[in-house]
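Colleague: Kindly generate the corresponding structure for this input.
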Amino acid sequence: MRFQTDLIPARLIRRYKRFLADAQLEDGREITTHCANPGSMMGLAEEGVKIWLELNDDPKKKLKYGWRLVDHENGHFTGVDTSVPNRTLRAALEAREIAGLGDYDVVRPEVKYGKNSRIDFLLKGGGPDTYVEVKSVTLCREPGLAEFPDSVTKRGLKHLAELSTMVAEGHRAVMLYLVQRTDCSEMTLAGDIDPAYTQAFADARDVGVEVMCLGTKITPMGVWVGEPLGFRNTAGSLSQ
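Modeller: Residues are numbered from 1 along each chain as shown. Presented below is the predicted three-dimensional model:
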């Protein structure tokens, strides 16, 4: 997925009220940008970090900038916009580029299901209906290891329960983690941050919910689905 406009480099001043951040452009101007990320953004929102912004000309939007990337200034990037994974994955699913999810004729986003929920993608036409829930992963506290979540997620608990119900009804269900970092080769769950989510995840896997972890290719030009990553379970072993 290519960004709609060329990104603009800046330095972060502060992030506040979850969805707002102040930044300084290279010409010295200070601006306010939208931050499309409800999580804690642990390790990504420190003062002075280099970031990349997308400019928009939509008159309906109050803020003219959107924060898209953190530049670690070592050749690696992290995508902070939580809407990007679904847009990126939709293109990859429709092009049948994702191993294990490439045999479906129909890709339907945002379909109502369960108890007042919406599944990110419903795949049809390649066997049993397949429900795919997507989570953006940006936390990294150990070199090379991505973690989810970066804060307590009651919404994540609900999604795992809904996926488990779909399996019980005879469907296929996939919990797909898209790691929006280019410096990680595997991922795990942050059990110390949200132990309830870790337990719910284990329960979901026990009843047949599948797990997929995918990396990303990120540059200031765009974000694309990368190679599968290994999943390290809470006991420390690695699985795919």
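
Colleague: does the residue nearest the centre of the chain belong to a helix or a strand, and which?
Modeller: In the chain, the residue lying closest to the centroid (C-alpha atoms, centre = their mean) is residue 136, at 1.4 Å. Element membership for residue 136, per DSSP states H and E: strand 130-137.

Colleague: for that strand, what is the average pLDDT?
Modeller: The average of the pLDDT scores along strand 130-137 is 98.

Colleague: Parallel or antiparallel, list what pairs with that strand.
Modeller: Strand 130-137 has the following strand partners under DSSP bridges: strand 117-124 (antiparallel), strand 172-179 (parallel).

Colleague: The next helix or strand after it: how far from the chain's middle?
Modeller: Reading on from strand 130-137 to the C-terminus, the next helix or strand found by DSSP H and E is strand 139-142. On the basis of C-alpha atoms, centre = their mean, to the nearest Å, strand 139-142 sits 15 Å off its chain's mean C-alpha point.

Colleague: With stretch 156-166 instead?
Modeller: 17 Å.

Colleague: Show residues contacting that stretch.
Modeller: The contact list for stretch 156-166 (C-beta atoms under 8 Å, 6 or more residues apart in numbering) reads 113-115, 117, 119, 131, 133, 135, 149, 172-175, 194, 196-197, 200-201, 203-204, 207-209. For the C-beta atoms, the positions are set from N, CA and C on the backbone; glycine is no exception.

Colleague: Longest helix of this structure, counting residues only.
Modeller: Assignment by DSSP state H gives helix 154-168 as the longest helix of the chain.

Colleague: quick check: angle from that one to strand 172-179?
Modeller: Counting by axes from the mean of the first three to the mean of the last three C-alpha atoms, to 10 degrees, helix 154-168 lies at 150 degrees to strand 172-179.

Colleague: Using PDB, list the CA coordinates for helix 154-168.
Modeller: This file holds the C-alpha atoms of helix 154-168, laid out as PDB (Å, rounded to 0.1, in the frame of the first residue of the first chain):
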ATOM      1  CA  LYS A 154     -10.900  -5.500  26.400                       C
ATOM      2  CA  ARG A 155     -11.700  -5.300  22.700                       C
ATOM      3  CA  GLY A 156      -9.100  -7.900  21.900                       C
ATOM      4  CA  LEU A 157     -10.700 -10.300  24.400                       C
ATOM      5  CA  LYS A 158     -14.000  -9.900  22.800                       C
ATOM      6  CA  HIS A 159     -12.600 -10.600  19.300                       C
ATOM      7  CA  LEU A 160     -10.900 -13.800  20.600                       C
ATOM      8  CA  ALA A 161     -14.200 -15.000  22.000                       C
ATOM      9  CA  GLU A 162     -16.000 -14.200  18.800                       C
ATOM     10  CA  LEU A 163     -13.500 -16.200  16.800                       C
ATOM     11  CA  SER A 164     -13.800 -19.100  19.100                       C
ATOM     12  CA  THR A 165     -17.600 -19.100  18.600                       C
ATOM     13  CA  MET A 166     -17.100 -19.100  14.800                       C
ATOM     14  CA  VAL A 167     -14.900 -22.300  15.100                       C
ATOM     15  CA  ALA A 168     -17.600 -23.900  17.300                       C
END
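
Colleague: If anything else comes up later, I'll come back, but that's it for now.
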